[in-house]
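J.: here you go, sequence then predicted model.
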Amino acid sequence: MRISVAADHNGYELKNEIKKLLRQNGHEVIDIGPHSMDPLDDYPDYAKPLANSVSTGDTERGIMVCGSGVGASVAANKVKGIRAAVCHDIYSAHQGVEHDNMNVLCLGSRIVGSEVVRELVSAFTSAKYTNEERHARRLGKVIDMENNFR
C-alpha cells in the first residue's frame, strides 16, 4: 500500500519510527514532512498536504502525528474526501477503516509510545472497508454532508 506520513514538531520522531515500520511491512512510504526537526512546525502545515495526497489518490492512506492527534484530525478532516480520526486503541484503528472507510490515522506522540504505535499502524494498514449495506448507507450520508455543506 502507498501511505503518506507527516507530523508537526511534536510528532517528528514518532513519524520517523512509523516510516521505518511501514517500510519493514512492505508499504511504500511518501514522507510529506517535516524532514528536519523545527519547533515552529505546526500541524496544519503538514496535515493539509498529507490529506491532499490521500484525497487525490496519490496515496491510499495517511498517518499524521502531532502531540495529541486531535489537531491533526481536525485539520485533515477539512480536506474533501478525508475521513481522519484519532485512534489510540487497536479496535478503533481497524474498526474505523472497516466500518467508516477511515483513510487517515491520527496519532498523539504525547499519548502513545512506540510499541502501541506498532500495533495501531498494523491494525490500520491491514484493515479493509467492509462495504456492508449498513456501513455503505452511513458512509453515503457522511459523503452527502460533505458535498452539501459550504
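T.: Noted; the coordinates are in hand.
J.: in the protein, which spans are helices?
T.: Using DSSP state H, the helices of the chain run over residues 12-24, 43-55, 70-76, 90-100, 114-126, 133-148.
J.: state the mean pLDDT of stretch 49-61.
T.: Average pLDDT, stretch 49-61: 98.
J.: which among the helices of the chain is found nearest to H35?
T.: Closest to H35 of those is helix 12-24 (C-beta to C-beta; 9.4 Å). For every residue, glycine as well, the C-beta is placed using N, CA and C.
J.: tell me how far that closest one is from the chain's mean position?
T.: Mean C-alpha position of helix 12-24 versus that of the full chain (C-alpha atoms, centre = their mean, to the nearest Å) differs by 13 Å.
J.: give me the number of residues near S92?
T.: 18 (other C-beta atoms under 10 Å).
J.: just confirm it contacts A85, I think it does.
T.: Yes. Counting by C-beta atoms under 8 Å, A85 is a contact partner of S92 at 7.0 Å.
J.: out of the helices of the chain, nearest to M1?
T.: When these are compared by C-beta to C-beta, helix 114-126 sits nearest M1, at 6.2 Å.
J.: tell me the buried residues in the closest one?
T.: Across helix 114-126, burial judged by 16 or more other C-beta atoms under 10 Å covers V117, R118, L120, V121, S122, A123, F124, T125.
J.: look at stretch 31-50 and report the distance between its end residues.
T.: Terminal residues of stretch 31-50 are spaced 9 Å apart (C-alpha to C-alpha, to the nearest Å).
J.: start at 46 instead
T.: With 46 as the first residue, the last one maps to stretch 76-95.
J.: contacts for that stretch?
T.: Stretch 76-95 has contacts (C-beta atoms under 8 Å, 6 or more residues apart in numbering) with 49-54, 57-58, 60, 64, 98, 107, 109, 111, 116-117, 120-121, 123-124, 149.
J.: since that was my last question, I'll sign off now.
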